[in-house]
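Trainee: sequence and predicted model, in that order:
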Amino acid sequence: MPERGANPAEPLPPERELQSLRRSLLRWFDCSKRDLPWRRTRDPYRIWLSECMLQQTRVETVIPYYQRFLAAFPTATALADASLQRVLKLWAGLGYYARARNLHRAAQIIATQHAGHVPESAAALAELPGVGRYTAAAVASIAFGEPVAAVDGNIQRVLARLLAVTAPIDAAATRTRLWSLAETLLDRKRPGAFNEALMELGATLCTPTAPRCHECPLAKWCVAHRSGRTADLPVKARRSAPTTLRIEAIAIRRDARLLLLQRPPSGLYGGMWELPSLATDSHAGEGTTAPRLSAFASDHHGITIETPRCVGTVTHVLTHRRMLVRVWIAGFRSGRARRGSHAAARWISRPGRADLPIAVLDRRTLELAESTK
Ligand code: ADE
């Protein structure tokens with residue numbers, strides 16, 4: 001068994017062992033890494049885009065979005081010149097739409113203040129909208145070889161097991177400690193490959209359940225593996241249960257068109273299009289909700305509608321919230337549609353919707369409304 005460092009709070013092997021650990025990890029990565037599109041390029045713009053898309057999103061989901069996005073916007077300047085609508089449209093379905101808005105704003109800063117070149121240091125990258133400590137370090141190390149550690153969720157798990165960190169990994173103090181451990185472990189000659197190798201290990205072998213320790217290049221040094229504690233680590237503080245958001249959405253039909261609203265540019269789903277809707281504490285009976293929706297259409301959007309009819313419910317689960325959308329349809333009677341607190345209101349046909357950024361939840365809501373005669 002390798003010797004341990006003197007400080008029990010940071011149970012790192014001595015430097016000689018660390019060198020051997022780094023070599024083992026990098027050799028494994030060089031032989032076993034997945035062939036991913038952003039690993040075939042050294043273009044910092046592409047690497048930055050991949051890191052933005054990969055935040056909270058799985059590799060398999062990201063790949064087709066990444067390719068379509070780059071076909072439309074091959075450079076930071078092309079992205080800066082595009083409309084936000086077009087950017088959101090190409091992002092629709094990936095979720096966490098603030099990422100797309102930040103990416104667009106950051107591209108405009110790169111175009112105007114950095115002559116179209118992605119900044120080269122983690123410190124400069126971190127000045128861009130939407131670029132946090134992890135993304136700045138990942139891009140700086142992978143694209144520019146800066147020796148900085150990048151710790152994402154996968155790496156937190158790998159480090160918590162490797163070093164048997166028993167404090168909850170979602171506590172701020174533990175995160176700080178994991179970052180500092182990662183800095184010590186980092187291979188300073190190949191920092192980008194080292195960071196990606198730890199990510200890859202977390203994604204493919206050191207998975208949350210049933211880790212494949214017999215294939216792991218770090219098994220020899222892994223305290224959790226050696227002491228049979230992989231199933232118990234990492235420890236997470238108990239998550240609060242996701243909150244449930246109940247929404248009444250109404251498809252108002254006027255000939256072959258529906259009234260759609262564009263959300264204000266910032267906030268949840270900012271800039272995306274949706275049906276008029278009302279949030280409620282609990283879904284009241286249909287008999288009381290129908291007149292409420294009629295009053296809502298009239299008070300907020302200036303139109304009179306026929307009595308709404310409920311056609312079903314759509315459920316959507318996000319990390320911290322569950323949305324239950326009850327879907328209604330009603331015919332338009334009269335009035336001129338106002339946008340209310342939204343950014344825009346338009347009567348839009350089904351083909352007209354194809355060009356609009358619409359989140360997955362709202363697409364499903366629309367499909368349910370349209371599948372009903
Ligand atoms: N997750 C975050 N960054 C990644 C990368 N560069 N490769 C694979 N998965 C990742």
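Mentor: The structure has been received and is ready for your questions.

Trainee: could you say what helices and strands the host helix or strand of residue 102 packs with?
Mentor: Following DSSP states H and E, one finds residue 102 within helix 98-113. If contacts are counted by 3 or more C-beta pairs under 8 Å, 6 or more residues apart in numbering; DSSP states H and E, helix 98-113 sits against helix 44-54, helix 76-81, helix 84-91. Using the backbone N, CA and C atoms, a C-beta is placed for each residue, glycine as well.

Trainee: count of residues packed around the nearest residue to residue 108 once chain neighbours are set aside?
Mentor: Nearest residue to residue 108, sequence neighbours excluded (C-beta to C-beta, 6 or more residues apart in numbering): residue 80, at 4.4 Å. For residue 80, the tally of surrounding residues (other C-beta atoms under 10 Å) stands at 18.

Trainee: distance of residue 80 relative to residue 212?
Mentor: In this view, residue 80 and residue 212 are 43 Å apart by C-beta to C-beta, to the nearest Å.

Trainee: circling back to that earlier point, can you tell me which of the helices and strands packed on helix 98-113 is most buried?
Mentor: helix 44-54 (a mean of 23; mean count of other C-beta atoms under 10 Å).

Trainee: can it be found next to the ligand?
Mentor: Yes - contact of helix 44-54 with the ligand (C-beta under 6 Å from any ligand atom) involves 50-51, 54.

Trainee: closest to residue 135 among these?
Mentor: Nearest to residue 135 out of the residues of helix 44-54 next to the ligand is residue 51 (C-beta to C-beta; 4.9 Å).

Trainee: who are the contact partners of that closest one?
Mentor: Going by C-beta atoms under 8 Å, 6 or more residues apart in numbering, residue 51 touches 135, 138-139, 142.

Trainee: also residue 181?
Mentor: 10, 12, 159, 163, 165.

Trainee: how about residue 336?
Mentor: 302-303.

Trainee: what's the distance between it and the ligand?
Mentor: 48 Å (C-beta to the nearest ligand atom, to the nearest Å).

Trainee: again with residue 192
Mentor: Distance of residue 192 to the ligand, computed by C-beta to the nearest ligand atom: 9 Å.

Trainee: quick check: the gap between that residue and residue 148.
Mentor: For residue 192, the distance to residue 148 - C-beta to C-beta - is 10 Å.

Trainee: now swap in residue 251 and tell me
Mentor: When residue 251 is compared with residue 148 (using C-beta to C-beta), they lie 50 Å apart.

Trainee: repeat that for residue 208.
Mentor: For residue 208, the distance to residue 148 (C-beta to C-beta) stands at 26 Å.

Trainee: ditto for residue 350
Mentor: Distance from residue 350 to residue 148, counting by C-beta to C-beta: 49 Å.

Trainee: neighbour count: the two, which is higher?
Mentor: When neighbours are counted by other C-beta under 10 Å, residue 350 and residue 148 differ, and residue 148 comes out ahead with 23 against 11.

Trainee: nearest spatial neighbour of the more buried one, skipping sequence neighbours?
Mentor: Leaving out its chain neighbours, the residue that sits closest to residue 148 by C-beta to C-beta, 6+ apart is residue 137, at 4.4 Å.

Trainee: contacting residues for the residue of the stretch 1-150 of the chain at minimum distance from the ligand?
Mentor: The minimum distance from the stretch 1-150 of the chain to the ligand, using C-beta to the nearest ligand atom, falls at residue 54 (3.9 Å). Residue 54 is in contact with residue 62, counting by C-beta under 8 Å, 6+ apart.

Trainee: which SS state does residue 342 fall under?
Mentor: Secondary structure for residue 342, judged by DSSP: H, G, I helix; E, B strand; the rest coil, is coil.
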